[in-house]
Every structure is written in C-alpha cells, then in structure tokens.
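**Q** Requesting a structural model of the entry that follows:
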Amino acid sequence: MSNFEMHARCSPRLQLAWPVILFTGLILLVPLTINAADPMAGQWKGTYTIPGEVETALVLKLVQASDGSWIGKVQSPADSLQYDELTRLSISGSAISFRYRPAETPAQVIFSGNYQSWTDAIKGIVIVGNYNIPVTLQRVGLHPDAAAAAAADSARAGLEEIKVVNIRHKKHFALVARGAYWLPIHVLKDDSREINDITTAEWAYGGGLRWYVIDDMAINVRGTFGGLKFDTTDQKLAQFESIGLNRDSYLQFDGWEGDITVYLGDAMFARSRFNPFLTFLVGYYDWALRASGRDSDTHAILEVPVAGKDWGFGLGLGTEYPFGQTFALEVSWIWQFVLTKDDKKWDSELFWSNTTFWSLNLGLVINFL
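**A** Model (predicted):
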C-alpha cells in the first residue's frame, strides 16, 4: 500500500488533530516570546572626553523589573564602589535617554542614544555643558538574547538609521515672564448687546514658575493681571448710560493660572529650534467692573457690585524658540473663557454674561537647575 493510500485512509479525527496540535504549540511559544529579556538590560561601559579634560569612564547598569519598568545607575568616575542614581530614565524600543549629576562635579550629564542589535552596543551622545560628545557603550558580559538578536538583524546591519533623541529642555525649572494682548470675543444675536459685548482689547501681563516634568511636557503656575476696556462709540455706550457705564469703565481680571503644556517639536520639527506646543489652561480670577479705570471703585448695578471670583478655562497653541540652554522666547494664541455669568444678581435687561477672549502672548523663559 502506498504512502498516499495510507494517508487517505487516516481517520478524520486524526486529520483534525494536526491543526489542534499546531495551534497548541504556538500558544506555548507565546510566553517564551513575551518573557524574553530586553536586550537593553545589563551592564554597559564606554568613555568620553570633554575638551581640555581627562578621559571619563561611563559605566551604566540597567535592570528591568517584572512590571516592565526600568531602574538604572551610573558608576561614579571617582569611586567604582559608588553609584549615582539616574533621573528621567526613558527606554522605549531601542531609544534610551537619562540624566545624572556626579557627586564630585556640579555639572549635569545627559545621555541620549539607541541600542544597535547588530553590534550589541548603545550608541549616542553625552551632553555636558555646551559639549555634545559621541559615545559608544559596549556590553559587559553576555546577554542571553543578545546573540540571537544580533543574528536576526545581521542582514540589516548598517541600514537602520540611528535616531538620537533631541533633548530640548536640559534644565528642570524655568521662570517665565509674559506679556499678553486680550481680544474679546462677541457673539451677538439680532444686534442685541449685553454689557460684555462692548468690551475692547487691552494689554495684560504676568509671570510664574515652570516645571519640566519630562522633556516633552511642562506644568506652569503663574499670576496674571489683565482686563478689557469698553468701547468708546457713543452708539454702543448709549444703551448702558442709564447704569453709569462710560468711556473710562474697565473690566479687571487678576488671578492665578495653571496649565499643562505638551511639546510637539520632536514629532513635527525634529531638526528645528522651533518647538510647537499645545497648552490646556485652568484659572481662578478675582474680577470686577471698575467705574473709571483699573483699580478704581467697583461699579454697581441696582446697588449690587459687578464683581466676583470665578473659574476660567483655556485651550491654545504656540511655539518656543531657544537661545542656548538658559534663555528662550515663546509665543502662543489661547482661547480663554471665564464663568462671570450670574442671572440672579443683575437686571435681566442689562444682562451680564460669561467673558470670552483671545489671548496673544509673548513670553521670556529663563531655565535653571
């Protein structure tokens, strides 16, 4: 009997068993793939030289925890038994970046690079002060998966582009001084104006502190001092003369603002100094309708002062442009909304509504630490 005939006579149950066996084998292989050690784990060693100084050793230890997070240390150049903790350690795919400050020097050291599977090395740059120094970190000892990874990628050796992360914010904090131009937004229905609908543009200013949580995200807290003037057109003022509004009336906003800024430069303009960002703002304002200019007496309608303390929100975009590591300029365009509306306090015919405006901002950034 031929092999073909024997195969043809196999029971249908046996024939159906083969796919089940194959599928089971694949399932058993999945945990092996998932649990494979990351090639970045282990100990790495390299050297770099700052112009005019002696050669410095860079010995790096990377450990991946069971939950996938990373822990890293760098051996102290002065004492091989001491290690400096890494900050802002980020490992994503083949990219790695971190910072540390050696105990024997105040200068912060920044490293950014990529793991090359075909050479089993980490190549990147060390940033110290104004120097960007190329460095190659070779593995110390053997990694159980390194040989297999190198063999699998050997066909692509030299073809993959090394992507070194462009670290834009080398400091942790910044002082920000800001000037702004507020342009009110009026939404009219049948040319019927509320008090807020006759405001006009005015300057504002503020300043505060910024914390770079990571290179691509910052949290800002600042005080702000601004306001809006009123339209001097007689036709627009005439409707509100009965309640005492005049050419010198002023809508004052003083308060605190906090925002989260997300930088998009690495994704949009990786090789440019321009670093676009999106910003999401929350504010709390002490506002008042002033009778004759900023900080004058509060205006009252039906003996009720037009003033309050309310929340506000904003959403906008902008870009920063650095001048070295310390100074930068930034511009932004933000839509802002303050909840000044109150139906119960003031006459319905002279309705006081929420306040909405555009804020065009120019800021000076001073980075430190």
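**Q** Could you find the closest non-adjacent residue to the spatially most central residue of the chain?
**A** Residue closest to the average C-alpha location in the chain (C-alpha atoms, centre = their mean): M217, at 1.7 Å. Leaving aside its sequence neighbours, M217 sits nearest to V262 (C-beta to C-beta, 6 or more residues apart in numbering; 5.5 Å). To be clear about C-beta, it is placed using only N, CA and C from the backbone, and glycine gets the same treatment.
**Q** Next SSE downstream of the helix or strand hosting the one you found?
**A** For V262, the host element (DSSP states H and E) is strand 250-263. Scanning forward in sequence from strand 250-263 by DSSP H and E, the next helix or strand is helix 265-268.
**Q** Report the buried residues of that following helix.
**A** Residues G265, D266 are the ones in helix 265-268 that count as buried (16 or more other C-beta atoms under 10 Å).
**Q** Against which helices or strands is that helix packed?
**A** Applying 3 or more C-beta pairs under 8 Å, 6 or more residues apart in numbering; DSSP states H and E, we find helix 265-268 packed against strand 275-290.
**Q** what angle do the strand it packs on and strand 250-263 make?
**A** 160 degrees (axes from the mean of the first three to the mean of the last three C-alpha atoms, to 10 degrees).
**Q** chain center to strand 275-290: distance?
**A** Computed by C-alpha atoms, centre = their mean, to the nearest Å, the separation of strand 275-290 from the middle of its chain amounts to 18 Å.
**Q** tell me how far the next helix or strand after that strand is from the chain's mean position?
**A** Following strand 275-290 in sequence order, the next helix or strand is strand 300-301 (DSSP H and E). Distance, stretch centre to chain centre, for strand 300-301: 44 Å (C-alpha atoms, centre = their mean).
**Q** Give the partner strands of strand 300-301 in its sheet and their orientations.
**A** Strands that pair with strand 300-301, judged by DSSP bridges, come out as strand 304-305 (antiparallel).
**Q** ok, G283 - contacts?
**A** G283 is in contact with T224, G255, W256, E257, G258, W311, G312, F313, G314, Q336, V338, counting by C-beta atoms under 8 Å, 6 or more residues apart in numbering.
**Q** Show me the beta-bridge partners of it.
**A** Beta-bridge pairing for G283 (DSSP bridges): E257, G312.
**Q** What of A95?
**A** Here A95, judged by DSSP bridges, has bridge partners S92, N114.
**Q** thought it was touching F111?
**A** No. Between A95 and F111 there is no contact under C-beta atoms under 8 Å: 11.4 Å.
**Q** the more surrounded of the two?
**A** Between A95 and F111, counted using other C-beta atoms under 10 Å, F111 has the larger neighbour count: 27 against 17.
**Q** Of all the residues in the helix or strand containing the more buried one, which ones are buried?
**A** Using DSSP H and E, F111 falls within strand 109-116. Buried residues in strand 109-116, counted by 16+ other C-beta under 10 Å: V109, I110, F111, S112, G113, N114, Y115, Q116.
**Q** Understood, closing this out.
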